[in-house]
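J.: The following block contains a protein sequence and its predicted model.
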Amino acid sequence: DISDTTTQFRWQCAGLNGGSTSTCSADWQRNGSCKTFGSTYSSQPATSTSAGCNIGNYANVSNTSSAWRWSCSGINGGSATTCSANTQYYWTSGAWGSCSTTSGTQTRSVTCRSYASGGTVSDSFCSETKPATTQSCAVAGSCISYKDEYDSQPATDTKSGCSAGTYNDGPDSSSVWNWQCAGLNGGKNSSCSAQRKSLGQGGKCINYEGSYGAQPATDTKSGCSVGTYKDSPDSSSVWNWQCAGLDGGLTAICEAARSSKGGGEIIKEGGSCDPEKSCCYLDSKGNWVEGPPCA
C-alpha cells in the first residue's frame with residue numbers, strides 16, 4: 001500500500017520472478033470540504049481555494065445578511081459544498097434634516113447594516129451603541145407680520161405671533177402692540193409689533209366741588225363734558241358715575257362728595273339758588289334748586 005492523494009486511491013502491484021512493480025490508482029470521489037471560521041468578520045475571510053477549501057476548488061457564492069458565503073467544488077463527481085462565515089454588522093447614518101422652527105431639533109435616519117450583504121437588518125444585530133437620531137439646533141425667532149391697525153393685541157401666543165421661536169408678551173405703547181419671538185437653543189430673539197388702532201376721544205367728567213345731598217350728575221348733560229353718561233353704584237360718602245369715551249376712547253371715572261346734611265330731596269325746580277350754600281343741589285334738568293333746611 002502507498003499513500004493516497006487528495007484525488008486518488010493508490011497502491012502497488014509487485015512483479016513476480018523479477019518482474020517490475022506497477023503503481024496502481026483509482027479516482028477518489030470526494031465532496032467539497034470547507035475550512036472553518038469561528039469568529040465574525042467585516043470582510044470575506046475566504047477569497048481563494050487555499051483560504052477557503054480543504055477539498056475542492058473555491059468559487060464565489062452570493063452572501064446573505066447573516067453570512068459570508070463561498071463554495072468548494074467536489075472531486076471526481078463529488079458534490080460541491082456551500083461554505084459560510086458569520087458577518088459583522090455596522091451602523092450607518094443619514095444626513096441631518098432641516099431644523100424644526102417650532103421645536104429647535106433636527107433628525108436623521110440611523111440603520112443597522114450587514115457587512116456581508118450591505119442590506120438593512122434589525123437594530124438588535126448591531127452591538128455598538130446606536131448613534132443619535134435627534135439633536136438640538138439653533139432657531140432664530142421670527143415674527144408673524146400684521147399689516148393693519150388693531151383694536152386689541154393680534155398676537156397672543158406662539159401660534160398667532162411667531163413663525164419661528166416662542167412667544168413672549170411685551171409692554172405695549174399707546175400706538176403699538178408689542179411682543180417677542182424668542183430664539184431656540186441660542187438663536188437670536190426677534191422684537192415684533194403691530195400698529196395699534198388710534199383711540200377715540202376719552203370721556204371727561206363735569207367737575208362738582210362741595211358736597212351734595214343728591215346725585216348731581218344724572219345724565220350726559222349734567223355729568224359729562226365729553227362722552228356718554230353711565231351711572232355707577234354710590235358709596236355712603238361719594239356719588240359715582242362714568243363718562244364713556246367716544247370711538248373707543250377711554251372711560252372716565254367721575255365722583256362728587258356726598259353731603260351728610262339734609263335728606264337730599266329736591267323740593268323746588270326751576271328756581272334760583274346760591275350754589276355756595278351747602279343745601280343747594282342740581283336737579284335732573286341741570287338747575288340749581290333749594291333743598292331741605294341744612295340745620
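T.: Thanks, I have the structure now.
J.: give me the number of residues near residue 161?
T.: 25 (other C-beta atoms under 10 Å). C-beta here means a position set from N, CA and C on the backbone, and glycine is covered the same way.
J.: ok, the residue nearest to it when sequence neighbours are not counted - contacts?
T.: Nearest non-adjacent residue to residue 161, counting by C-beta to C-beta, 6 or more residues apart in numbering: residue 155, 3.1 Å away. Residue 155 is in contact with 143, 144, 146, 161, 162, 167, 177, 179, 192, 194, counting by C-beta atoms under 8 Å, 6 or more residues apart in numbering.
J.: same thing with residue 63?
T.: Shown in contact with residue 63 (C-beta under 8 Å, 6+ apart): 44, 69, 87, 114, 116, 117.
J.: Also residue 146?
T.: 154, 155, 194, 195.
J.: again, 7 Å this time
T.: 154, 194 (C-beta atoms under 7 Å, 6 or more residues apart in numbering).
J.: What strand or helix carries it?
T.: Assigned by DSSP states H and E, residue 146 belongs to no helix or strand.
J.: confidence score at it?
T.: Per-residue pLDDT puts residue 146 at 97.
J.: and the contacts of residue 63, which are buried?
T.: Buried members of those, scored by 16 or more other C-beta atoms under 10 Å, are 44, 69, 87, 114, 116, 117.
J.: coming back round to it: out of the contacts of residue 63, which are inside helices?
T.: If you go by DSSP state H, the contacts of residue 63 have nothing in helices.
J.: Looking at those residues, which one is closest to residue 36?
T.: residue 69 (14.1 Å; C-beta to C-beta).
J.: Contact partners for that closest one?
T.: Counting by C-beta under 7 Å, 6+ apart, residue 69 has contacts 61, 62, 63, 82, 83, 84.
J.: Now do the phi/psi pair for the closest residue to it other than its chain neighbours.
T.: Spatial nearest neighbour of residue 69, excluding adjacent residues (C-beta to C-beta, 6+ apart): residue 61 at 4.3 Å. Residue 61 adopts backbone torsions of phi -140, psi 150, taken as degrees, to the nearest 10.
J.: just to revisit the earlier point, reformat the buried ones among the contacts of residue 63 as CSV; add pLDDT.
T.: CSV is the format used below for the buried ones among the contacts of residue 63 (pLDDT from 0 to 100):
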residue, pLDDT
44, 97
69, 98
87, 98
114, 98
116, 97
117, 96
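J.: Out of the residues you listed, which comes closest to residue 229?
T.: Nearest to residue 229 among these, counting by C-beta to C-beta, is residue 114 at 86.9 Å.
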